[in-house]
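Enquirer: My questions concern the predicted model and sequence given below.
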Amino acid sequence: MAGVFSFVVKALVVILIFGAVILIHELGHFLTAKKCGIKVNEFAIGMGPRLLKFGKGETTYSLRAFPIGGFVSMEGEDEDSQDPRSFQRASVWKRILVTAAGAVMNFILGFLVLLILLSSMELLPSRMIADFTDDAVSNQGASPLKEGDEILSVNGRRCFILQDVYYEFTRIAGDSAEFVVKRDGENVVLPQVTFKIQEVTEAGNMIQQDFFIYGLQKTPLRVLGETCSWTMSYSRTIILSLMDLVTGRVPLNALSGPVGIVQAISEATDGGYQNVLSLLALFTINLGIFNLLPIPGLDGGHLLFLLIEAIRRKPIKQKYEAFIHMAGLALLMGLILLVTFWDITKLF
């Protein structure tokens, strides 16, 4: 009975996370289109056949079978239309706003989720070292860390929050790294802080954290400031991960598709609501960044064509643009299928 209840809870969490991220994204397109006077024919959550629908005014609202996306169908978006309120007849700047609004809403959702997450913590994690473990080695050697040091950067990359330090630990090759810390009010460069190596079966080896950090008392301003830092940190981590994929630092099969995301949400649910909130924030910010990539078929691809139109003061022929976006979508669907196959093989 407990197993069934756990399965139901996890399934509901998965649906809520997917639903929230998709809904907020499409709501951004929808509300901005309405505000810009563009006619919206349909607002849909999910893809595939319709399960439910109802009409209000000029717009049909629908819930579709597969919770892997959604769309806002605007008049004249993909075809010629003589309607004065069609998408193509709106000014290029209004179309840019409508296209970018989905990703912007994802960032706003991520910020709000992180605000809730940090507000729920008893103490806020700092980057200031409070103590070391009994077997610590980072407090020894020619350039040791000391109690009271505030970590500012690791290997030249600024650390906004404690998670940035942990993320850099996964990127360090070898057993040492360059730290910049604030010590007695001054920035001090520590060229070679040494750590023990921790063996991790699947991810390879990584250095072992051997220090503890101070917790900060919450104040409204501190929570707000930390929320901004966490949002920037999550965004940068996603961008760095994408760059690692492009440069080959991380193999392509490290990508996760719908199956991998569901598994990650399921594992986060076992860890409590704070883990779920953290994953939701990461997921929605990731969707916002990914959608802004200049890839045909994504919002970023559409934005690229709109920016070209704004510069040359003349749109690219719609049939050519439509063909490029269709080709991009086909390649993206192929990648999703491939990543889903990798996710399934990892399960077994």
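Expert: That came in fine, so what should we check first? In this text, all values refer to a predicted model and were calculated from it rather than measured experimentally.
Enquirer: The closest residue to T170 other than its chain neighbours pairs with what?
Expert: Among residues not flanking T170 along the chain, M206 sits closest, at 5.4 Å (Cβ to Cβ, 6 or more residues apart in numbering). Backbone N, C-alpha and C define where each C-beta goes, glycine included. For M206, the beta-bridge partners are Q198 (DSSP bridges).
Enquirer: Pull the number of nearby residues for M206.
Expert: 16 (other Cβ atoms under 10 Å).
Enquirer: quick one, what contacts it?
Expert: F169, T170, I172, I197, Q198, V200 (Cβ atoms under 8 Å, 6 or more residues apart in numbering).
Enquirer: Within the helices and strands, which one has the second one?
Expert: Assigned by DSSP states H and E, T170 falls within helix 162-171.
Enquirer: so what secondary structure elements neighbour the helix or strand just after that helix?
Expert: Downstream of helix 162-171, the next assigned helix or strand under DSSP H and E is strand 176-183. Counting contacts by 3 or more Cβ pairs under 8 Å, 6 or more residues apart in numbering; DSSP states H and E, strand 176-183 packs against strand 150-154, strand 186-194.
Enquirer: can you redo the ones you listed as CSV with mean neighbour count and distance to I108?
Expert: Supplementary listing: those in CSV, determined by neighbours: other Cβ atoms under 10 Å; distance: least, Cβ to Cβ, whole Å:
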stretch, mean neighbour count, distance to I108
strand 150-154, 19, 28
strand 186-194, 15, 34
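Enquirer: P296 is nearest to which of the ones you listed?
Expert: strand 150-154 (36.7 Å; Cβ to Cβ).
Enquirer: and that closest one, average pLDDT?
Expert: Across strand 150-154, pLDDT averages out at 95.
Enquirer: Need the residues that contact the next helix-or-strand element following it.
Expert: Sequence-wise, the next helix or strand downstream of strand 150-154 (DSSP H and E) is strand 157-158. Under the contact criterion Cβ under 8 Å, 6+ apart, strand 157-158 has outside partners L152, D164, E168.
Enquirer: who does strand 157-158 pair up with?
Expert: By DSSP bridges, strand 157-158 pairs with strand 150-154 (antiparallel).
Enquirer: Now do the longest helix seen in the chain: which elements does it pack against?
Expert: Secondary structure assigned by DSSP state H gives helix 2-35 as the longest helix of the chain. Helices and strands touching helix 2-35, by 3+ Cβ pairs under 8 Å, 6+ apart, are strand 40-56, strand 59-74, helix 92-119, helix 258-270, helix 273-291.
Enquirer: In it, which residues are buried?
Expert: Buried residues in helix 2-35, counted by 16 or more other Cβ atoms under 10 Å: 10, 13-14, 17-18, 21-30, 32-34.
Enquirer: Equivalent analysis for stretch 56-69, please.
Expert: For stretch 56-69, by 16+ other Cβ under 10 Å, it's T59, T60, S62, R64, P67.
Enquirer: And the pLDDT for the first one?
Expert: Translated: T59. Looking at T59, its pLDDT reads 92.
Enquirer: Contacts only, for it.
Expert: V40, N41, E42, F43.
Enquirer: burial of L123, as a residue count?
Expert: 10.
Enquirer: Could you check how far stretch 300-311 is from the centre of its chain?
Expert: 23 Å (Cα atoms, centre = their mean, to the nearest Å).
Enquirer: contact partners of that stretch?
Expert: In contact with stretch 300-311 (Cβ under 8 Å, 6+ apart) are residues 92-93, 95-96, 99-100, 291-295, 315-316, 321, 324-325, 328.
Enquirer: What mean pLDDT does that stretch get?
Expert: 92.
Enquirer: returning to that earlier point: any chance of TSV for the contacts of T59, columns distance to S86 and pLDDT?
Expert: Below are the contacts of T59 laid out as TSV (distance: Cβ to Cβ, whole Å; pLDDT from 0 to 100):
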residue	distance to S86	pLDDT
V40	11	94
N41	10	93
E42	14	93
F43	17	93
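Enquirer: Between those residues, which sits nearest V223?
Expert: F43 (34.0 Å).
Enquirer: got a pLDDT number for I22?
Expert: Looking at I22, the pLDDT reads 90.
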